[in-house]
Every structure is written in C-alpha cells, then in structure tokens.
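[1] Need a 3D model of the following:
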Amino acid sequence: MSLPPAPLPFGPAPGASPAGGIGGAVIARQAIVNAQHAVIGYELFNRSMQADTHTAASDVALVFSALSHAGTEDLIGKLLIFVNCTHNSLMGGHLELINPDRVVLEIPPLDTLAPEEIEGRVQPLAALRQRGFQLAFNHTVLHRAYRPWLPLADYIKIDLALVRPEQIEAVVRHAQTHSQAELIAEKVETAAQFETVSRQGVQLFQGYWFARPSVVEARLVTPSQAATIQLVNLVRRQASTAEIEDVLKHDAGLAFNLMRLINSSGFGFAREVTSFRQAVMILGLKKLFRWAALLLTAARASGAPSSVGSTAVVRGRLMELLALQKLSAEEADNAFVVGIFSLLDTMLGMPMDKAVDLLALPRPVEDALLRQEGPYAPFLELTIACETGDDAAFTRAATALGLDSRQINGAHLQALAWADQLASSS
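    Residues are numbered from 1 along each chain as shown. Predicted coordinates:
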C-alpha cells in the first residue's frame with residue numbers, strides 16, 4: 001500500500017534546512033485496528049517521494065528515519081509497525097539495527113510467477129522470520145504459485161479495492177484453510193465493508209473508515225559528511241573505542257543521532273544508554289558500521305559542521321577540560337555531554353525540556369541543561385561566558401569554581417583547537 005506525496009538562532013535563510021542540519025523524511029502512518037477498534041499497530045509510508053519511486057534505498061531511509069526521529073512524538077511506541085519492503089532491501093544490513101519483535105515486513109509479490117524465482121525467496125524470508133521479524137503478504141500470496149510462501153505468512157492483507165464483494169468469502173476461507181496467518185482487511189472505507197469482512201471472521205482492519213494516515217515530519221539532526229566518513233573508516237579498521245568516541249565528540253549531530261537511536265523503543269535495549277563509550281561498546285563494530293553507513297545517506301554534502309554544531313562541540317570540550325581540573329574523569333565525561341547538548345533546543349527547534357526528553361541522560365546532566373543547577377551548572381555558565389565575552393558571568397563562575405584566568409583561557413584555546421582538528425584533517 002502506498003500514498004502520493006504530499007528563522008532559528010544561527011539559522012539559514014527562510015526555505016533552507018533548519019539550524020543544526022535537521023533533515024529527514026515526511027512519514028505518514030495509518031492505524032491497523034482490531035474488531036474493537038483498538039489500535040494494534042501502524043503501517044508507515046514514506047511521503048517524501050512518489051509512490052512509483054519506492055526502492056530498497058527508500059525502505060532503508062524510512063526505517064532509519066522512524067528509529068532516529070527527533071520529534072516530540074514517538075513514531076513507533078510499543079505497537080507493531082508494518083514496513084513496506086522491496087526484495088532487495090530485505091537483504092540489507094539495516095534490518096540488523098532493528099529490534100524485530102514488533103516489526104512486520106510487508107513482502108510484495110514478484111514480477112514473475114516462475115516457480116524457481118518464488119522458491120528461491122523462501123530461504124531468505126524464512127531467515128528473517130527466524131530472526132524474529134513477522135511477515136505480511138497481500139492476498140496474491142494465495143495464488144497457487146506462491147504456495148511455498150504461505151507457511152511463512154504471519155499476516156495476509158486482503159485489499160478490498162481489488163477483491164470484489166462476492167469474492168471475499170472465498171478468499172477468506174481459502175486463507176483460513178491454507179495458512180495460520182491473521183487476516184487484515186485493508187482499504188476499508190464503509191461500515192458495510194467492515195460488516196461484510198467481519199462476518200467472514202476477519203479480525204484486523206485498516207482503511208479510511210477507521211483512520212486516515214497522519215503525517216509526521218520525521219526529523220534527523222544530520223551530521224557532517226566528513227565526520228561520518230571518518231567514523232566509517234575507523235570502524236572498518238577496527239579502531240579502539242576511545243578513537244571512535246573521539247569522533248562522536250567532534251560532531252554534535254553524530255552524538256545526538258547515536259544516543260537517540262540506541263535508546264529508541266525500536267532498538268530494543270532493556271536499559272538506557274547514557275554515555276558515548278557505553279553506546280559504542282554495546283552496539284559493537286558491526287552494527288556501528290551499518291549505522292554509520294546508513295547515516296551517510298542523511299549527511300550534509302558539505303564537510304563543514306553548522307555553526308550551531310561547531311559551537312556545541314567547543315562547549316563540550318571546554319567543559320570537559322575545565323571539569324578535569326576539579327572533578328573525576330567520569331564527571332568530566334558528563335560535563336562534555338552537558339556542553340555538546342547545551343544547544344539541543346536550537347538544533348532541534350523545540351524547547352529544551354522536550355529535546356532532553358528524547359535522550360537518556362544522567363540526572364545531574366538534566367539539572368544543568370534544564371534548571372542550570374547541580375555540579376555542572378557553573379561550568380556551563382563559565383563556558384557560555386567565554387563564548388559571549390560576558391565579564392560579570394565569567395568572574396562569578398570562575399570564582400565559584402576556584403579557577404583563574406590562565407587555567408580558563410588555556411582550556412578555551414585547547415577546546416577551539418580540538419574542535420578544528422576534524423575539519424582541518426578532512
């Protein structure tokens with residue numbers, strides 16, 4: 001099923017991409033409901049493109065955008081998601097980035113009824129199902145040529161725009177007799193259609209009579225292309241966790257996307273990940289490589305980071321250097337997180353409390369970002385004072401932390417040089 005397409009601080013001119021490199025897909029979702037009209041899942045559609053340009057690449061982009069969505073509403077939640085696929089995209093490594101428990105892959109028919117072609121797809125489809133994905137087919141899977149696929153069907157969708165009313169009973173009976181799949185009547189547009197399929201024993205429904213697709217602007221904070229390529233290269237040569245963490249610290253977009261993705265409900269981790277090092281170690285090099293490769297499709301063409309992203313990186317490094325003079329190494333890591341995410345509201349174009357809700361952050365980090373309180377608040381105040389030239393704030397924060405001008409200015413110069421390293425080497 002497919003549908004037709006349908007000024008911030010530091011920001012670009014009207015009509016350009018928002019500050020911080022926000023990009024992504026326009027995603028529509030349509031509810032799938034049970035007989036009591038309770039929503040059991042959503043089918044996702046990419047409305048950034050024409051329906052006839054649906055490709056393996058667009059399948060990847062849709063899944064990636066849904067998982068990394070930076071908006072205030074979770075596109076996935078705890079329900080099932082139904083994702084249209086091409087047979088090429090089913091072979092893609094992007095599916096390894098998804099928790100399969102709640103994902104239903106909608107498998108299209110082939111362009112041919114050649115038995116060898118149909119039989120040749122059985123093993124790859126069975127492998128996906130063995131990994132935990134559920135598979136949905138449209139009613140053409142009931143054709144005798146597709147008999148090898150029927151045991152793999154978790155759902156069969158009966159398109160009421162294509163099946164005539166007098167055929168419905170026979171189609172439903174055939175599906176119930178020859179498969180264990182749950183049946184979904186789709187394109188249900190009237191009460192009469194609902195009553196007809198319900199009488200035949202269909203328990204799941206999708207269509208305008210229940211809900212029209214709702215559109216969500218799925219936003220991503222896109223990192224620089226240079227940083228993403230560097231990350232890909234480091235992972236390919238199996239660099240150390242410290243080296244990979246260093247690249248993440250150089251680009252606010254990379255940092256945000258990784259933390260957002262790894263803590264999304266679609267990723268499936270039982271516990272929240274709160275540090276870059278932890279994220280890299282838990283994800284592993286294989287998945288990290290696939291994630292970075294996918295991210296290249298969303299990266300900006302320019303290698304230079306946006307002014308917001310650059311400022312955030314400097315803030316993070318400066319706070320880390322200042323904190324190392326007064327706090328433990330672990331606390332300095334948290335200070336870096338405060339600094340690099342201190343412009344998250346500007347990067348995402350939303351209030352800071354909404355932006356922070358998108359991430360799993362330690363309580364002291366949240367205190368600094370949302371309430372300017374806690375052990376990291378004076379470091380943030382001092383860092384912003386260095387950036388803006390606010391002498392009164394500089395003196396107040398420096399005195400509170402017991403730091404002198406020499407220590408602070410030296411750290412600031414180091415932070416600026418460190419942030420420039422990536423751009424100058426790319």
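[2] Okay, now the unreliable bits of the stretch 201-350 of the chain?
    Judged by pLDDT under 70, the stretch 201-350 of the chain has its weakly predicted residues at 216-222, 225, 264-271, 293-306.
[3] switch to 50 and redo it
    Scanning the stretch 201-350 of the chain for pLDDT under 50 picks out the ranges 298-305.
[4] hey, where'd the helices end up in it?
    Per DSSP state H, counting those that start in this stretch, the stretch 201-350 of the chain carries helices over the ranges 225-236, 241-249, 252-262, 276-295, 307-324, 329-340, 344-348.
[5] Counting neighbours, what do you get for the nearest residue to Phe379 once chain neighbours are set aside?
    Nearest non-adjacent residue to Phe379, counting by Cβ to Cβ, 6 or more residues apart in numbering: Met319, 4.8 Å away. Placement of C-beta: from N, CA and C, glycine included. Using other Cβ atoms under 10 Å, Met319 has 28 other residues around it.
[6] Met319 touches Pro378, doesn't it?
    No - counting by Cβ atoms under 8 Å, Met319 stays clear of Pro378, with 10.2 Å between them.
[7] which outside residues touch stretch 142-155?
    104, 107, 109, 113, 115, 118-119, 121-122, 125-126, 129, 134-137, 140-141, 156, 171, 174-175, 178-184, 204 (Cβ atoms under 8 Å, 6 or more residues apart in numbering).
[8] and with 6 Å instead?
    113, 119, 122, 125, 129, 134-137, 141, 174-175, 178-179, 181-182, 184 (Cβ atoms under 6 Å, 6 or more residues apart in numbering).
[9] for stretch 276-291, same thing?
    93, 97, 235, 241, 244-245, 248, 258, 262, 273.
[10] Any chance of a PyMOL selection covering the buried ones in the contacts of stretch 142-155?
    In PyMOL, this line selects whichever of the contacts of stretch 142-155 come out buried by 16 or more other Cβ atoms under 10 Å:
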select buried, resi 125+129+134+135+136+137+141+175+178+179+181+182+184
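[11] Would you mind measuring from Ala211 to Val39?
    8 Å (Cβ to Cβ, to the nearest Å).
[12] tell me, how many neighbours does the spatially closest residue to Leu44 that is not a sequence neighbour end up with?
    Nearest residue to Leu44 in three dimensions, chain neighbours excluded: Arg29, at 5.3 Å (Cβ to Cβ, 6+ apart). Neighbourhood size, Arg29 [other Cβ under 10 Å]: 21.
[13] tell me the secondary structure for Arg29?
    strand (DSSP: H, G, I helix; E, B strand; the rest coil).
[14] ok so, going back, what's near enough to touch the residue nearest to Phe379?
    Per Cβ under 6 Å, 6+ apart, neighbours of Met319: 335, 338-339, 379, 383.
[15] Just the buried ones from those?
    335, 338-339, 379, 383.
[16] Relative to Gly309, which of these is nearest.
    For these, the closest approach to Gly309 (Cβ to Cβ) belongs to Gly339, at 12.4 Å.
[17] Could you check how far that closest one is from Val308?
    Taking Cβ to Cβ, one finds Gly339 at 13 Å from Val308.
[18] what does Arg131 give?
    For Arg131 relative to Val308 (Cβ to Cβ), the value is 39 Å.
[19] Which residue of the two possesses the greater neighbour count?
    Taking other Cβ under 10 Å, Arg131 and Val308 do not tie; Val308 has more neighbours (23 against 11).
[20] Surely the more buried one touches Leu344?
    No - applying Cβ atoms under 6 Å as the test, Val308 and Leu344 come out as separate, 9.5 Å apart.
[21] which one is Val39 nearest to, not counting chain neighbours?
    In space, Val39 is closest to Ala31, 4.6 Å off (Cβ to Cβ, 6+ apart).
[22] got any ranges where the stretch 51-200 of the chain has weak pLDDT?
    70, 72.
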